[in-house]
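[1] Following is a predicted model, sequence given first.
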Amino acid sequence: MGGDAIFSALKEHLGIENDGVTADGKVSLEHIECNAACDYAPVVMANWEFYDNQSVESAKDLVDGARAGNPPAPTRGPDVLPTWKENSAVLAGLNDGRALEGVQAGGPSLLGLEISKGTREAAK
Amino acid sequence: MTTLTPVLSKYWDEKDSFTIDGYKRHGGYDAAKKALAMEPDAVIQLVKDSGLRGRGGAGFPTGMKWGFIPQGDNKDHYLVVNADESEPGTCKDMPLLLANPHSLIEGMIIASYAIRAKYAFVYIRGEVTHVIRRVQQAIDDAYKAGYLGKSIFGTTNDLEIVLHVGAGAYICGEETALLDSLEGFRGQPRLRPPFPAIAGLYARPTVVNNVESIASVPSILTNGAEWFSAMGTEKSKGMTLYSLSGHVTNPGQFEAPLGITLRELLDLAGGVRAGHTLKFWTPGGSSTPLFTSAHLDTPLDYEGVSAAGSMLGTKALQIFDDSTCIVRAVLRWTEFYKHESCGKCTPCREGTWWLVQILRDLEAGKGTAADLDKLLDLCDNIAGRSFCALADGAAAPIVSSIKYFKDEYILHMTNGGCPFDPHASTLFATSKAGA
């Protein structure tokens, strides 16, 4: 779908290999196997937030933005990409109050529902 | 033409579908109140009568599983929800929890009451932070509303729900490995018997159910067993989420009665992507043997898929078109299984490692005819010879791909390399923006 292309482009762009960290310590890169989002493929995760339907360009923009302290917002997640430290606290069980942020569902999640309601036609 | 039946996904298009207010607007938590006014055994019977079967892959009847919990044994009982969705292709539970976590909480209240459990756990994978936020918030709000904790809904029943975040291991989706992990040990499968219904979490009677199975329960309480069993086929009742991904025009979730076919689903998804034809697909995730265009009209229910030589699994339909190299696709899956093998059983730990080496050679055109025999021989010694189904899953795509596409494996040998351009299978090949 494009995951291989994105991953190899990022390795080259960042100058690191799988499981590597950039010299400035800002970006680490890891190959992930599955993130339960195949209908949004190719997907990149940053700090375990979803960046759906990625391309080589958008993935480079993501890491460049993250290094500059200005990353784009996740596609299905909080309004602003939390830091890794902040998200670690969420994974440890602390409620950061951001559950209300972000969409309730992305387009592919709603496809069948919208077709059944007639608000969207089955594409030809 | 089968009609779509959104039940779980019915209100996902409302902006606040994941909030307790959004859920209650459409009768949310009425089913739990109804259940708590019934006898627990009557709730189990209702779920048995509905014909609901496990949506996590194995398809075991849910009501029967609940019925296995010994009653009057003066032991604590536990309900554990498996939200460790992480099989390649599978992507139904995470969108469900993102859009409507309260349907799971309500289902857990009903199931816990039925099996007389006062503690219930959600074991969720740790790499989906926003889904975790939504589930945690839903639990917090349900406590505030008096639906969880002591004397829930003003009755004499108590229920505590704990959200446990896993550390990212596919093996922890295997129910006994999940229980080990939940207890704080390294996640590795247990020998059965004893089954979890007798000695599960902390050696107490435990029901382990998939997210979608539990989230389906409130609708059965509300609408009745007959309503549910009117959908689907003879032995596969009800509606379920089918997840289409890969080389389709519009990937996404389709909630339909069990027994719909891929041909019907592809029609809704706009078909295989423009300019290409269907080559192969998985009916239920990467661990289910592959299908080809010969199986377009196979009814996608537990019996239909099984009769055609595969498994319904998680109804994760990954579609691959003619631009895809079968060897490369199978290699990616095998790398996944090698990475995720927990290492407990030698055939799986060593075998998946060997499978990857051989497949890499084959893809690079360095394989020989003997390698194909060796692959099959290895698969024969891996599948069925380990504690859990991870090993079977690792063998499934290899054996089935050689069955249908042996010529393509051989072409890699005669061609001295892969005859496919990997770029042609990416989405960027047809659209520059990447979507």
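    Sure, I can see it.

[2] okay, now the nearest residue to residue B:319 once chain neighbours are set aside: neighbour count?
    Excluding the flanking residues, the one nearest residue B:319 by C-beta to C-beta, 6 or more residues apart in numbering or on different chains is residue B:246, at 4.0 Å. (Each C-beta comes from the backbone N, C-alpha and C, glycine too.) Per other C-beta atoms under 10 Å in any protein chain shown, the neighbour tally for residue B:246 reads 24.

[3] Spit out the contact partners of residue B:246.
    By C-beta atoms under 8 Å, 6 or more residues apart in numbering or on different chains, residue B:246 lies in contact with A:1, A:38, A:41, B:281, B:318, B:319, B:320, B:321.

[4] now swap in residue B:322 and tell me
    The contact partners of residue B:322, by C-beta under 8 Å, 6+ apart, come to B:276, B:277, B:278, B:279.

[5] if I look at the second one, how far off is chain A?
    Plainly put, residue B:277 is 16 Å away from chain A if you go by C-beta to the nearest C-beta, to the nearest Å.

[6] circling back: mind putting the contacts of residue B:246 in TSV, secondary structure, neighbour count and pLDDT included?
    Below are those laid out as TSV (DSSP: H, G, I helix; E, B strand; the rest coil; neighbours: other C-beta atoms under 10 Å in any protein chain shown; pLDDT from 0 to 100):
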residue	secondary structure	neighbour count	pLDDT
A:1	coil	21	85
A:38	helix	26	95
A:41	coil	20	95
B:281	strand	28	98
B:318	strand	30	97
B:319	strand	25	97
B:320	strand	22	97
B:321	strand	20	97
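
[7] got the residues you listed as TSV, with distance to residue B:185 columns?
    Below are the contacts of residue B:246 laid out as TSV (distance: C-beta to C-beta, whole Å):
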residue	distance to residue B:185
A:1	36
A:38	30
A:41	33
B:281	37
B:318	33
B:319	38
B:320	38
B:321	43
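
[8] Please name the nearest non-neighbouring residue to the residue nearest the centre of chain A.
    Nearest residue to the geometric centre of chain A (C-alpha atoms, centre = their mean): residue A:51, 2.2 Å. Leaving aside its chain neighbours, residue A:51 sits nearest to residue A:44 (4.5 Å; criterion: C-beta to C-beta, 6+ apart).

[9] where in the chain is pLDDT low?
    If you meant another chain, say so; for now it's chain A. Applying pLDDT under 70 to chain A flags residues A:123-124.

[10] switch to chain B, that's the one I care about
    Those would be B:430-435, if you go by pLDDT under 70 across chain B.

[11] for it, which strand is longest?
    Across chain B, the longest stretch assigned as strand under DSSP state E is strand B:239-246.

[12] what lines up beside that strand in the sheet?
    As defined by DSSP bridges, the strand partners of strand B:239-246 come to strand B:252-257 (antiparallel), strand B:316-321 (parallel).

[13] For residue B:175, find the nearest of the ones you listed.
    Proximity to residue B:175 (C-beta to C-beta) singles out strand B:316-321 among the strands paired with strand B:239-246, at 18.6 Å.

[14] Could you list the alpha-carbon positions for that closest one in PDB?
    Backbone C-alpha positions of strand B:316-321 (Å, rounded to 0.1, in the frame of the first residue of the first chain) are rendered in PDB as follows:
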ATOM      1  CA  ALA B 316     -10.900  -8.400   8.200                       C
ATOM      2  CA  LEU B 317     -11.000  -8.600   4.400                       C
ATOM      3  CA  GLN B 318      -7.700  -7.500   3.100                       C
ATOM      4  CA  ILE B 319      -7.900  -7.100  -0.700                       C
ATOM      5  CA  PHE B 320      -4.800  -7.500  -2.900                       C
ATOM      6  CA  ASP B 321      -4.900  -6.700  -6.600                       C
END
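
[15] returning to what we had before: relative to residue B:416, which of the contacts of residue B:246 is nearest.
    For these, the nearest to residue B:416 is residue B:320 (23.8 Å; C-beta to C-beta).
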